[in-house]
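[1] my questions are about this predicted structure, shown below with the sequence.
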Amino acid sequence: MMMIILAGVALTGTMTNMDMLESVVSDAVAPVAEQVAAAGVEAVFLGVEGDHEGSWLLEQIAVSSLNSQGITVATSRDEELYSLNLRPMELAVTYSQVRRSWMLGGRQLPRQANCQLAATLLDPMGNVVLTVREGAVLNSTVSAGNIVTLESSSERWVNGELSDEESGNLLEPLVVTGVVTALVYLFYSSRN
């Protein structure tokens with residue numbers, strides 16, 4: 001059991017931002033697909049509302065998740081089909097403040113992938129059958145030097161923003177140098 005947890009922690013540390021988003025979107029969409037299937041729906045027209053740049057990812061994963069539940073997704077709107085509308089409320093990777101695991105340790109960057117979505121299922125007459133809000137979060141910590149390789153070069157919306165408050169770049173080395181200098185001075189002065 002402990003080995004599985006450690007492997008999961010190790011894997012999330014090497015996931016790209018896009019991998020993290022795919023995982024949280026899948027985790028958020030799965031309960032929606034299950035509830036649509038539980039309502040006895042066999043075919044739907046899927047619509048993604050809003051102007052989010054990641055709507056294509058939400059649509060792609062939703063189609064896959066609905067298909068895995070045995071629900072056919074139509075490519076065109078039909079008057080006899082149910083309609084499932086998804087709206088991404090939040091779909092992003094955010095970065096926290098860069099920190100060190102210990103005083104001389106490597107710089108670590110905590111990341112969080114978040115997907116919050118609202119889903120509405122309408123019957124062919126336009127009546128609301130189901131409304132649900134689902135979400136998923138995935139946290140990961142990576143080396144600050146590796147963040148460039150984990151970001152997407154083609155999809156800018158996937159990349160979080162690094163904090164401008166990087167005062168530790170100058171202040172930390174000065175503090176460490178000062179402490180080490182003081183310790184060396186105290187060591188040699190106590191010998192006399």
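    That came through, no problem.

[2] alpha carbons only for contacts and neighbour counts from here, please
    Noted.

[3] who does the spatially most central residue of the chain bridge with?
    Computing the C-alpha centroid of the chain and ranking residues by C-alpha atoms, centre = their mean puts residue 113 first, at 1.7 Å. Beta bridges link residue 113 to residue 93, residue 138, judged by DSSP bridges.

[4] how near is the spatially closest residue to residue 30 that is not a sequence neighbour to residue 173?
    Beyond its immediate neighbours in the sequence, the residue positioned closest to residue 30 (C-alpha to C-alpha, 6 or more residues apart in numbering) is residue 65, lying 6.1 Å away. To residue 173, residue 65 is 50 Å away according to C-alpha to C-alpha, to the nearest Å.

[5] now do residue 70
    58 Å.

[6] tell me which of these two has more neighbours.
    In this comparison of residue 70 against residue 173, neighbours counted by other C-alpha atoms under 10 Å, the higher total goes to residue 70 at 15 against 12.

[7] list the contacts of the closest residue to residue 112 other than its chain neighbours.
    The spatially closest residue to residue 112, leaving aside those adjacent along the chain, is residue 139, at 4.5 Å (C-alpha to C-alpha, 6+ apart). The contact partners of residue 139, taken as C-alpha atoms under 8 Å, 6 or more residues apart in numbering, are 12, 110-113.
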